[in-house]
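Engineer: just coords:
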């Protein structure tokens with residue numbers, strides 16, 4: 001079983017930056033791809049960014065392209081968020097997907113095996 005712990009959320013002014021971190025622990029973490037999702041109360045969980053098992057591929061939802069960057073190092077997964085907008089306000093979740101090396105990055109929550117507890121990001125206008 002994989003454990004995921006997010007950190008780095010908080011309150012920031014529009015136009016500001018935050019870096020979220022996800023610490024992954026457990027057996028065979030290297031066999032997982034990772035993604036960040038976000039959810040606003042009353043709405044479905046939304047894919048934000050994903051990175052492949054070996055870190056060689058990444059994917060982003062259109063609304064964050066050019067502003068957010070996902071990366072991974074050892075057992076840490078990061079989401080660097082810049083030029084933040086009020087509409088980025090949400091609870092952000094880290095998720096792990098047990099996949100083969102060449103698997104595409106999944107963008108649906110049901111594809112993911114493990115989730116963190118979430119971290120709140122609030123962008124004030």
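Structural biologist: On my side now, so go ahead. Quick caveat: nothing in here was measured; it's all calculated off a predicted structure. Numbering: from 1, shown residues only.

Engineer: from the centroid of this protein, which residue is nearest?
Structural biologist: Centroid check for the chain by CA atoms, centre = their mean gives residue 36 as the closest residue, at 1.7 Å.

Engineer: isn't there a strand covering it?
Structural biologist: Yes - counting by DSSP: H, G, I helix; E, B strand; the rest coil, residue 36 falls inside a strand.

Engineer: so who does it touch?
Structural biologist: 20, 22, 48-50, 70, 77, 79, 92-95 (CB atoms under 8 Å, 6 or more residues apart in numbering). Glycine gets a C-beta too; all of them are placed from N, C-alpha and C.

Engineer: in helices, which of those residues fall?
Structural biologist: Among the contacts of residue 36, no member falls in helices (DSSP state H).

Engineer: buried ones in stretch 47-59, by neighbour count?
Structural biologist: Within stretch 47-59, the residues scored as buried using 16 or more other CB atoms under 10 Å are 47-53, 58-59.

Engineer: quick check: the farthest pair among those residues?
Structural biologist: Using CB to CB, the buried residues of stretch 47-59 span at most 18.4 Å, a distance reached by 48 and 53.

Engineer: how many neighbours does residue 40 have?
Structural biologist: A count of nearby residues for residue 40, using other CB atoms under 10 Å, gives 12.

Engineer: separation between the closest residue in space to it that isn't next to it in sequence and residue 70?
Structural biologist: Here the nearest residue to residue 40 in space, its sequence neighbours aside, is residue 90; by CB to CB, 6 or more residues apart in numbering that works out to 4.9 Å. Distance, residue 90 to residue 70, using CB to CB, to the nearest Å: 16 Å.

Engineer: just residue 103 next, same as before
Structural biologist: 16 Å.

Engineer: what do you get for residue 110?
Structural biologist: Noted for residue 110: a distance of 20 Å to residue 70, by CB to CB.

Engineer: can you check residue 36 too?
Structural biologist: In this view, residue 36 and residue 70 are 6 Å apart by CB to CB.
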